[in-house]
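pasting the sequence and the predicted model now:
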Amino acid sequence: MEGIVLEAMLVGEIEGTFNVPSYQRGYRWSEEEVTRLLSDIHDIFDENSQTARNYCLQPIVVRRSGEQFDLIDGQQRLTTLYLIYRYMSIASNGWLVKSPRFSLIYETRTKSAEFLEKMDKSLRDDNIDFWFICNAYETIENWFNQFGDKMSVVMGDFNAYLAKYVKVIWYEVDVSQDAIALFTRLNIGKIPLTSAELIKAMFLSRDHNEGMDKERQEEIALQWDNIEKELHNDKLWYFLTNSINTGYQTRIDLVLDLIAGKVGDTKEKYYTFFRFDARRKGENLKDIWQEILHTFLILKDWHGNHELYHKIGYLIASRYKTLSDIYAALKNQSKREFVSILDGFIRESIDIQENYADLSYEKTGDYAKISRLLLLFNVESVRRNGEKTEWFPFDKFKYQEDGKVVWSLEHIHAQQSQGMKKQEEWREWLRLHIPSVQSLNGDNENLIAQMKEKFEQPILLRQDFERLQEKVVERLSVSGNVEYMHSIANLALLNSSDNAALNNSTFDVKRNEIIQMDKNGAFIPFCTKMVFLKYYTPSEENQLHFWGQADRRAYVSFINDVLKDYLKEPITMEQSSETVEEKEVK
């Protein structure tokens with residue numbers, strides 16, 4: 001990359017002759033794209049603050065060829081900018097706006113330069129390029145005409161914006177670069193240059209080496225590649241971010257964005273590059289690189305520290321804090337102070353106004369609160385392992401094969417049939433529950449026979465299924481109140497399946513499914529596995545096929561114990577005066 005020239009350049013500073021090579025298609029921007037560019041540039045001025053913001057266009061990628069440049073990428077943008085300048089110059093008779101300082105020629109259209117200069121619309125139909133160029137020019141003309149008497153003022157402002165605020169990233173590759181190969185990479189599949197690529201080029205370009213010899217540049221290139229490689233370790237990556245479909249072409253962007261202070265809602269595509277480009281003008285590149293390296297090593301240190309890994313990992317996974325928030329909290333803090341800050345964040349994340357016992361799966365807003373509480377319960381249960389040999393697998397929790405986060409709150413024991421509307425789902429529900437009823441003590445032969453009969457019927461009516469379902473649920477449940485049904489005492493983090501029959505199953509069916517999933521190597525959150533293995537329930541109160549009051553009480557007690565340092569008050573189980581003694585149905 002030593003032959004690269006890379007810089008942020010104001011549109012008003014672009015000059016020279018640009019040749020559009022024959023391997024590129026011609027100009028093809030439509031009215032919509034031209035209008036969007038005009039409006040975007042016009043809107044950079046904020047009437048309220050009376051200030052203009054910087055605006056960046058996509059990179060202009062060129063290769064010097066004698067006295068001119070081969071335009072590898074950016075033809076559409078540069079041609080449109082030329083047409084805007086050309087229109088403003090003609091409309092103001094060259095008084096308000098001068099002619100463009102650059103020109104374009106098309107290798108396959110020998111008369112293109114002359115056409116662009118004269119804008120002779122009578123030649124519109126001579127070829128397809130001229131047709132699109134004429135349409136774009138008329139779009140520009142119509143856009144400025146909408147301002148009527150104020151057009152001259154708008155035009156003057158527009159010209160000033162191009163000179164002061166609108167930038168392109170000037171990316172000049174070495175003359176030895178294979179222009180066709182680079183054009184193909186940038187245009188086949190529309191793969192744009194990223195901030196990371198531009199920043200890497202900044203370190204390795206010929207104009208910005210600031211005394212760095214070739215050996216030092218090669219060392220930086222090697223370290224850069226090693227950072228990228230390490231960030232492709234999903235255990236590290238999914239600890240740092242919730243980005244499943246990352247949106248990053250290179251993962252080092254995460255580190256660069258962190259240093260640049262880029263937040264998620266930043267609309268400026270090349271925000272990070274411009275921050276580094278601005279720093280380059282006042283700082284030594286060697287010092288900037290050391291900061292990049294140091295920042296990455298901090299992230300690796302967090303990942304390797306058992307306590308920090310779980311606390312930071314939870315805050316990011318729960319979406320209560322971002323990596324940027326946590327990185328900012330680290331500054332000027334000792335490790336003890338940093339841990340204290342993290343603990344404060346965690347307390348805040350589950351600090352709710354209502355009583356924890358009042359949280360309900362069915363209440364608007366409570367779903368997210370319960371989910372966060374149970375995620376913390378899982379993470380902290382793993383962290384508190386006395387030998388510190390267990391590490392909560394954020395990569396498995398966040399990533400699934402279909403590229404989606406599929407964990408959700410599920411009822412440990414379900415008594416309703418929400419979402420089950422099809423005969424196939426009703427039959428599947430019966431199929432899943434037949435083995436559980438068969439495993440019960442007592443005379444259940446008649447019920448099993450009815451289940452098999454309805455399962456095999458060509459047509460299964462809703463009313464027949466619901467009557468039978470009620471009997472099955474009664475056998476596979478314990479008597480007593482059902483107020484607990486949507487409380488945290490009956491909820492766990494489970495794989496969110498599209499199988500409505502399984503989602504609406506009783507405890508024993510879900511227990512068998514969880515065990516089978518575990519045998520098959522699927523990731524089951526730690527506490528969810530413990531729930532279905534009856535780990536929390538004392539042996540003298542254990543009922544293998546049921547999820548009863550003793551189980552719920554033991555489950556909540558463990559949650560309180562694990563989260564005692566973070567809960568503002570213990571979670572309680574409200575006991576209704578109507579609760580009767582729970583018994584297994586024999």
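Received it, and whenever you're ready, just let me know what you need. Numbers count the residues shown, from 1 in each chain.

quick one: contacts for Ser324?
Asp257, Leu258, Gly261, Lys262, Val263 (C-beta atoms under 8 Å, 6 or more residues apart in numbering). Backbone N, C-alpha and C define where each C-beta goes, glycine included.

just the buried ones from those?
Neighbour-count burial (16 or more other C-beta atoms under 10 Å) is assigned, among those, to Asp257, Leu258, Lys262.

off-centre distance for the helix or strand His310 falls within?
Using DSSP states H and E, His310 sits in helix 306-317. The gap between where helix 306-317 is centred and where its chain is centred comes out at 18 Å by C-alpha atoms, centre = their mean, to the nearest Å.

check which element follows it along the chain.
Counting by DSSP H and E, the element after helix 306-317 in chain order, helix or strand, is helix 323-330.

buried ones in that following helix?
Applying 16+ other C-beta under 10 Å to helix 323-330 flags Leu323, Ile326, Tyr327, Ala329 as buried.

please apply the same query to stretch 561-573.
Val562, Leu563, Tyr566, Leu567, Ile571, Met573.

tell me which two in the contacts of Ser324 are the farthest apart.
Leu258 and Val263 (10.5 Å; C-beta to C-beta).

on that earlier part again, now the helix holding His310: average pLDDT?
Mean per-residue pLDDT for helix 306-317: 96.

now do that helix: which elements does it pack against?
For helix 306-317, the packing partners by 3 or more C-beta pairs under 8 Å, 6 or more residues apart in numbering; DSSP states H and E come out as helix 234-240, helix 285-304, helix 323-330, helix 335-349, helix 366-383, helix 394-398.

kindly reformat those as JSON lines containing distance to Leu359.
JSON lines is the format used below for the helices and strands packed on helix 306-317 (distance: least, C-beta to C-beta, whole Å):
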{"stretch": "helix 234-240", "distance to Leu359": "28"}
{"stretch": "helix 285-304", "distance to Leu359": "31"}
{"stretch": "helix 323-330", "distance to Leu359": "25"}
{"stretch": "helix 335-349", "distance to Leu359": "14"}
{"stretch": "helix 366-383", "distance to Leu359": "5"}
{"stretch": "helix 394-398", "distance to Leu359": "22"}
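
of those helices, which is nearest Ile60?
Taking C-beta to C-beta, helix 285-304 is the member of the helices and strands packed on helix 306-317 nearest to Ile60, at 22.9 Å.

strand partners (parallel or antiparallel) of the longest strand anywhere in the chain?
For the chain, the strand with the greatest residue count under DSSP state E is strand 166-173. Partner strands for strand 166-173, per DSSP bridges, with pairing direction: strand 5-10 (antiparallel), strand 55-56 (parallel), strand 60-65 (parallel).

between those, which gets nearest to Phe394?
Closest to Phe394 of the strands paired with strand 166-173 is strand 55-56 (C-beta to C-beta; 34.1 Å).

so what's Phe147 closest to, chain neighbours aside?
Val154 (4.7 Å; C-beta to C-beta, 6 or more residues apart in numbering).

least confident of the buried ones among the contacts of Ser324?
Across the buried ones among the contacts of Ser324, the bottom pLDDT score, 88, is held by Lys262.

pretty sure it is touching Phe273, no?
No. Between Lys262 and Phe273 there is no contact under C-beta atoms under 8 Å: 10.2 Å.

near Glu453, how many other residues are there?
12 (other C-beta atoms under 10 Å).

gap between the residue minimising distance to the centre of the chain and Arg64?
Geometric centre of the chain, nearest residue: Ser243, 3.8 Å, by C-alpha atoms, centre = their mean. With distances taken as C-beta to C-beta, to the nearest Å, Ser243 is found 38 Å from Arg64.

likewise for Ala489?
Taken as C-beta to C-beta, the span from Ala489 to Arg64 is 72 Å.

by mean pLDDT, point me to the weakest helix or strand of this protein.
Every helix and strand of the chain was ranked by mean pLDDT, DSSP states H and E. The lowest is helix 500-503, at a mean of 62.

tell me which other helices or strands whichever helix or strand comes after it touches.
Going down the chain from helix 500-503, the next helix or strand is helix 507-519, by DSSP H and E. Contacts defined by 3+ C-beta pairs under 8 Å, 6+ apart place helix 507-519 against helix 423-438, strand 491-495, helix 500-503, helix 526-532.

want to try a markdown table for those, with distance to Glu453 and mean neighbour count as columns?
Formatted as a markdown table, the helices and strands packed on helix 507-519 follow (distance: least, C-beta to C-beta, whole Å; neighbours: other C-beta atoms under 10 Å):
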| stretch | distance to Glu453 | mean neighbour count |
| --- | --- | --- |
| helix 423-438 | 10 | 18 |
| strand 491-495 | 31 | 23 |
| helix 500-503 | 18 | 20 |
| helix 526-532 | 30 | 21 |
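
between those, which gets nearest to Lys229?
The closest of the helices and strands packed on helix 507-519 to Lys229 is helix 526-532. By C-beta to C-beta, the value is 29.9 Å.

contact partners of the closest one?
Applying C-beta under 8 Å, 6+ apart, the set of residues contacting helix 526-532 from outside is 374, 377-378, 381-382, 390, 392, 412, 492-494, 507, 510-511, 514-515, 518, 535-536, 555.

and Tyr165, how far is that from Glu470?
For Tyr165, the distance to Glu470 equals 70 Å [C-beta to C-beta].

more neighbours: those two, which one.
Higher neighbour count among Tyr165 and Glu470: Tyr165, with 19 against 12, using other C-beta under 10 Å.

between the buried residues of stretch 561-573, which is nearest Glu138?
Nearest member of the buried residues of stretch 561-573 to Glu138, counting by C-beta to C-beta, is Tyr566, at 64.5 Å.
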